[in-house]
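Chemist: The sequence isn't on hand, but the structure is:
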């Protein structure tokens, strides 16, 4: 746990506390990222500053995966552009084949089946059209994979990190539920039946996705 928000290594950055959230900002006030005030460590803050100085997007997922995710991020950020694109094409093909739906087989108690259906359908339709997500620190956009440029790499990896953080956090919560079930503290959680999208949902989401890509 971080005991102080002021230490010498913060040079050029500052930490702002808002209840249980710490915000790391650059000297000009622009945001680097948010952290849980209860779980963040000084080492975690310094890693975030180091990555930001290198121009890498910030990882804010579960701490137990931080080292491996940062290693993965550095490999992707520093790889030759053609190798980066090859990885993107393989990832896109995996999405076309329903990778996300397989990852979301277990629907958590706080989630609805309809929400998960929509997320997986949107992802599949975008992949089928060849679109990947880009993220700035504030906005989300989509771009065809064959139109990606080297300057898109940071925004592309920021989008990939947000997706990975979400999946890792869901996995952490699922593991917690399974441990509680094993000790008799909660009801065992079973996987949901295979998602079957209704024609009405497919038509509605397809229209929304196409509109976002042409806007």
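Modeler: Looks like it arrived, so ask away. This structure is a prediction, so every number in the text was calculated from the model and none was measured. Numbering: from 1, shown residues only.
Chemist: When you work out contacts or count neighbours from here on, use the C-alpha atoms and nothing else.
Modeler: Fine.
Chemist: Have a look at this structure and report its longest helix.
Modeler: Looking across the chain with DSSP state H, the single longest helix is helix 153-182.
Chemist: can you pull out the helices in the protein?
Modeler: Using DSSP H, helices in the chain cover 42-53, 66-78, 81-96, 99-103, 113-129, 153-182, 199-214.
Chemist: Identify the residues contacting the nearest residue to residue 124 once chain neighbours are set aside.
Modeler: Sequence neighbours aside, residue 96 is the residue nearest to residue 124 in space, at 5.5 Å (criterion: Cα to Cα, 6 or more residues apart in numbering). Shown in contact with residue 96 (Cα atoms under 8 Å, 6 or more residues apart in numbering): 124, 125, 127, 128.
Chemist: State the pLDDT value of the nearest residue in space to residue 129 that is not next to it in sequence.
Modeler: Nearest residue to residue 129 in three dimensions, chain neighbours excluded: residue 144, at 7.9 Å (Cα to Cα, 6+ apart). Residue 144 carries a pLDDT score of 96 in this model.
Chemist: and residue 144, what does it touch?
Modeler: Counting by Cα under 8 Å, 6+ apart, residue 144 touches 129, 130, 131, 132.
Chemist: again, 10 Å this time
Modeler: With contact taken as Cα atoms under 10 Å, 6 or more residues apart in numbering, residue 144 is in contact with 126, 127, 129, 130, 131, 132, 133, 213.
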